Every structure is written in structure tokens, then in C-alpha cells.
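below is the sequence, then the predicted model.
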Amino acid sequence: MVKPYTKNPVGAHYGTEGFLLQRFTAVVMAVYTVVAFALWLYRAPAGYADYRAMFAGTFGVFTLLALAALLYHAWIGVRDILMDYVKPMGLRLAVQFLVATVLVFYLFWAAAILWGRA
Amino acid sequence: MSSTPASRAGVRRPKYYDLSLAHLPPPGLVSIFHRISGALLFFPILPLMLSVLEGALGSQEGFTRISTLAGRPGVKLILLACTWAYAHHFFAGIRYLFLDMHMGVAKQPARASAVIVLVLGVLTTIVVGWRIW
């Protein structure tokens, strides 16, 4: 008996994956937006110490989670725009590489902001 | 209708692109603004907001510096532009999530929800503007 080939050998499912993750990350960010706004109203931070306290702990973790979702969401979104307007393949890949690099940098930058640089 | 595909084939027809946003129906406006606001949120709003967060959370001096900066009229206008981009992208995105679930896809409800999204984006910007001025 030949075992059926279960792996999808083509890249067609990447589109569905991107489609679903684009919506999943959107929901994460939408929930974060509502929670952040509600928390800001509830705590009514008045100065530096209040804002620091607000971002310390759970909300800081949620902030980084939302930024991680944003990273993926922006990657799909910017890639879609580039695929529509930047036709030369070399240039498109170069810009995409730049975008991906910048996005990963943003995530590390955000982590450094939220938990201080050593 | 009178010309056959064969007789049309050789004719180079001029193309007319209507690039004016004013002729777009509300769902079209929501769509193109969703794209424009998304692009703006990636650049320059995201790095801008991260540097604001870095300044404001970094030290007391940084917080004071950001607060003073945010009090300037020009900076407030920039903040309002950021607010509109975020709000429009947020509300339009929620509309798309409903459309994805096949809710409100008929012409009339789709138009109505598009108008609501456009209004909510502007309304949020106005409310924020009223609060920071």
C-alpha cells in the first residue's frame, strides 16, 4: 500500500491562511483598542507615573500581543498593496524585504519600550 | 450588441479611468480609504506612535517633552489625522468582518453600513478634536 500524500505540495493554501490570519489579527487589535480605551477611561491616568503603572503588568503584555498581531496584519496589508502597484519583481521583493525587516524591528523596539532597555 | 466579437477584436479601444473619488459610491470610498488609512498607519503613524510611547514611558522628562509637544496646534492636527486613519480603518475593518460572514452584503445594507463607517470615522475625529482643543 502506498501511503496517501497528505502534505499540500503547492502554495495555494497560503492565501487562505493569510486571509484567515488577517481577520484573526484584526479581531485581536479591535479587542485591544476597546480594552485600551476602557482602561484609559477607568484609570484616568494623570501623569508619567500613572501611565507607567498602566503599561506595567498585564496591559503591557496585551499591548505587545496586539503589536505582534499588528506586525502580521501590516505585513499582509502592505504586501497586498505592493502586489497591486509595484510590478517589477526585483523591486517588489526588495521593498517587501525592507517592510518585513522594519516590522520585526518595530516588535523588538516595542518590547524594549515596554520593559526598558538593560 | 450589433458588433460581433470578431469585428471588435482588432479595434484598439481607448480606456477611460475615472480616478475622481467623488464619483465612487460609499462602499467604494470606504474601500479606498481603508487602503489609504492602512498604508498611513504602517508608515508614518506606527513608528511615530512607537517613538511617542518611547518618549512618554521612558522618563519623567520625556513625558513632559511629549506633553508639551502635544499641546502645539500643528501637532494636534497631525494627531487628528492619525485619529481619522485609525478610526476609519477600525470601523471599516469591523464592517468587512460582517461582510465576510455574509451579513449585510445586499446593495442597500452595504451602502448604509458604508455611510455609517464614513460618518463614524469623521465623528471620532471630531470628538477627539473637541477633547484635545
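Perfect, thanks for sending it.

quick one: residue A:82 from residue B:25, how far?
Residue A:82 sits 27 Å away from residue B:25, going by CB to CB, to the nearest Å. Where C-beta positions appear, they are placed from N, C-alpha and C, glycine not excepted.

comparing those two, which shows the higher neighbour count?
residue A:82 (16 against 13; other CB atoms under 10 Å in any protein chain shown).

in this structure the more buried one contacts residue A:93, no?
No - Residue A:82 is beyond contact range of residue A:93, at 9.3 Å (criterion: CB atoms under 8 Å).

pLDDT at whichever residue of chain B sits closest to chain A, what is it?
With CB to the nearest CB, the shortest gap between chain B and chain A falls at residue B:63, namely 3.9 Å. Listed pLDDT for residue B:63 reads 96.

do I have it right that it meets residue B:56?
Yes - using CB under 8 Å, residue B:63 is in contact with residue B:56, at 5.0 Å.

what do these two both touch?
Here residue B:63 and residue B:56 share the contacting residues A:48, A:51, scored by CB atoms under 8 Å, 6 or more residues apart in numbering or on different chains.

low pLDDT regions in the chain?
Using chain A. Within chain A, the segments meeting pLDDT under 70 span A:1, A:5-14, A:117-118.

ah, no, chain B please
Regions of chain B meeting the criterion pLDDT under 70 cover residues B:1-9.

and the next element down the chain from the lengthiest helix in chain B?
Identified as the longest helix of chain B according to DSSP state H is helix B:73-100. For helix B:73-100, the following helix or strand on the C-terminal side (DSSP states H and E) is helix B:107-132.

any bit of that following helix sitting next to chain A?
No - contact of helix B:107-132 with chain A (CB under 8 Å from any CB of the partner chain) is absent, the minimum separation being 10.7 Å.

can you give me the angle that helix makes with helix B:73-100?
For helix B:107-132 against helix B:73-100, the angle by axes from the mean of the first three to the mean of the last three CA atoms, to 10 degrees is 150 degrees.

can you give me how far helix B:107-132 is from the chain middle?
Mean C-alpha position of helix B:107-132 versus that of the full chain (CA atoms, centre = their mean, to the nearest Å) differs by 11 Å.

nearest residue to the closest residue to chain B within chain A in space, please, no chain neighbours.
Of all residues in chain A, residue A:48 sits closest to chain B, at 3.9 Å by CB to the nearest CB. Using CB to CB, 6 or more residues apart in numbering or on different chains and skipping residues adjacent in sequence, the residue nearest residue A:48 is residue B:63, 3.9 Å away.

so which bits of chain A are right by chain B?
Within reach of chain B by CB under 8 Å from any CB, chain A has these residues: A:23, A:26-27, A:30, A:33, A:47-48, A:51-52, A:55, A:70, A:74, A:77-78, A:81, A:99, A:106, A:109-110, A:113-114.
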